[in-house]
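Enquirer: What follows is a predicted structure for the sequence shown.
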2 protein chains.
Amino acid sequence: MIIRPLSKVPSARVEMEGVKGAFRQVPIGRAEGTPHFSVRVFTLEPAGHTPYHAHESEHVNYIISGSGFLVDEKGNEHPITRGDFCLVSPWEKHQFKNDSPEHDLVFICAVMKEFE
Amino acid sequence: MIIRPLSKVPSARVEMEGVKGAFRQVPIGRAEGTPHFSVRVFTLEPAGHTPYHAHESEHVNYIISGSGFLVDEKGNEHPITRGDFCLVSPWEKHQFKNDSPEHDLVFICAVMKEFE
């Protein structure tokens, strides 16, 4: 049994093409011996975003705080806010964007541990 | 791509031996075509609790709001509060308890979809 406050999980800037102002934490992952899936938390600074990309792994998301947009494969922006759950299917092009000039957008992004 | 506010996900009382004041929602699950894992949300009323039990599936948890205890297999109570992530291993005996006389304890409990 593991209990980890998010505030005590190390945070690292995401260095990847197409990313702006993003930080990553892994509260539950391979290092914790997760049996099947890993839980990462991304923090997007104001005007920050993830890459507009697609990949083999699905995403299961929960918006912890803030608001923004989840961009779909047609480029349409869907508003997301605290309390929303999202499912991004495998190979579905997507992007998370923070639309706030002031607040961070913080969200859970769970994946199968092979894609941690 | 699916976006579901938790507030719009139907809630059902959990009817199971050893449970008190518990409600269950499934924002992302088999009905949504989840590829691998299902995300349930449990709400425990004041003094509510889940069963003190063990099962094949692991739990990956995030405490959305409130506070309480996660009981381990020796019966020790570990405090949990908003912002905490938990991992309960397969066959590890455990129980979630709400210790508040006023507030609900609301938490994500993700499992492999076979155990939804």
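Expert: Everything's here; your move. These numbers were taken from a predicted model, which means no experiment stands behind them.
Enquirer: which SS state does the nearest residue to A:H49 once chain neighbours are set aside fall under?
Expert: Setting aside the residues directly before and after it, A:H49 is nearest to A:K97 in space (C-beta to C-beta, 6 or more residues apart in numbering or on different chains), at 4.4 Å. (Each C-beta comes from the backbone N, C-alpha and C, glycine too.) For A:K97, the assignment made with DSSP: H, G, I helix; E, B strand; the rest coil gives strand.
Enquirer: Repeat that for A:S7.
Expert: What three-state DSSP gives for A:S7 is helix.
Enquirer: Would you agree it is in contact with B:G83?
Expert: Yes - counting by C-beta atoms under 8 Å, A:S7 does reach B:G83; the two are 6.4 Å apart.
Enquirer: Chain B contacts on chain A?
Expert: Proximity of chain A to chain B is confined to A:1-7, A:9, A:27-28, A:32-37, A:39, A:58, A:60, A:62, A:64, A:70, A:72-73, A:78, A:80-81, A:83-90, A:92, A:94, A:108, A:110, A:112 under the rule C-beta under 8 Å from any C-beta of the partner chain.
Enquirer: 6 Å - rerun?
Expert: Contact residues, chain A versus chain B (C-beta under 6 Å from any C-beta of the partner chain): A:1-6, A:27-28, A:32, A:35-37, A:39, A:58, A:60, A:72, A:78, A:83-88, A:92, A:112.
Enquirer: Only whichever of the residues you listed are buried, select them in PyMOL.
Expert: Applying 16 or more other C-beta atoms under 10 Å in any protein chain shown to the residues of chain A next to chain B, the buried members can be selected in PyMOL as follows:
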select buried, chain A and resi 1+2+3+4+6+27+28+32+36+37+39+58+60+72+83+84+85+86+87+88+112
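Enquirer: Who are the packing partners of the top strand by length along chain A?
Expert: The single longest strand within chain A, with elements called by DSSP state E, is strand A:37-49. Contact here means 3 or more C-beta pairs under 6 Å, 6 or more residues apart in numbering or on different chains; DSSP states H and E; on that basis strand A:37-49 packs against strand A:20-28, strand A:95-98, strand A:105-112.
Enquirer: Output those in TSV; the columns should cover mean pLDDT.
Expert: As requested, the helices and strands packed on strand A:37-49 are exported to TSV (pLDDT from 0 to 100):
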stretch	mean pLDDT
strand A:20-28	98
strand A:95-98	98
strand A:105-112	97
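Enquirer: Excluding covalently adjacent residues, which one is nearest to A:D84?
Expert: Take A:D84 and drop its neighbours on the chain: the residue closest to it by C-beta to C-beta, 6+ apart is A:I63, 4.6 Å away.
Enquirer: That neighbour against A:L105, yeah?
Expert: No - A:I63 lies out of contact with A:L105 (C-beta atoms under 6 Å); the separation is 7.4 Å.
Enquirer: Of the two, give the one with the bigger neighbour count.
Expert: Legend: neighbour count by other C-beta atoms under 10 Å in any protein chain shown for A:I63 and A:L105, higher for A:L105 (29 against 23).
Enquirer: ok, now how distant is the more buried one from chain B?
Expert: 14 Å (C-beta to the nearest C-beta, to the nearest Å).
Enquirer: Name whatever forms a beta bridge with that residue.
Expert: A:L44 (DSSP bridges).
Enquirer: quick one: it and A:L44 touch, right?
Expert: Yes - A:L105 is within contact range of A:L44, at 4.4 Å (criterion: C-beta under 6 Å).
Enquirer: got any residues that touch both of those two?
Expert: A:N98 (C-beta atoms under 6 Å, 6 or more residues apart in numbering or on different chains).
Enquirer: With adjacent residues omitted, what lies nearest to A:H94?
Expert: Per C-beta to C-beta, 6+ apart, closest to A:H94 is A:V88, 4.8 Å.
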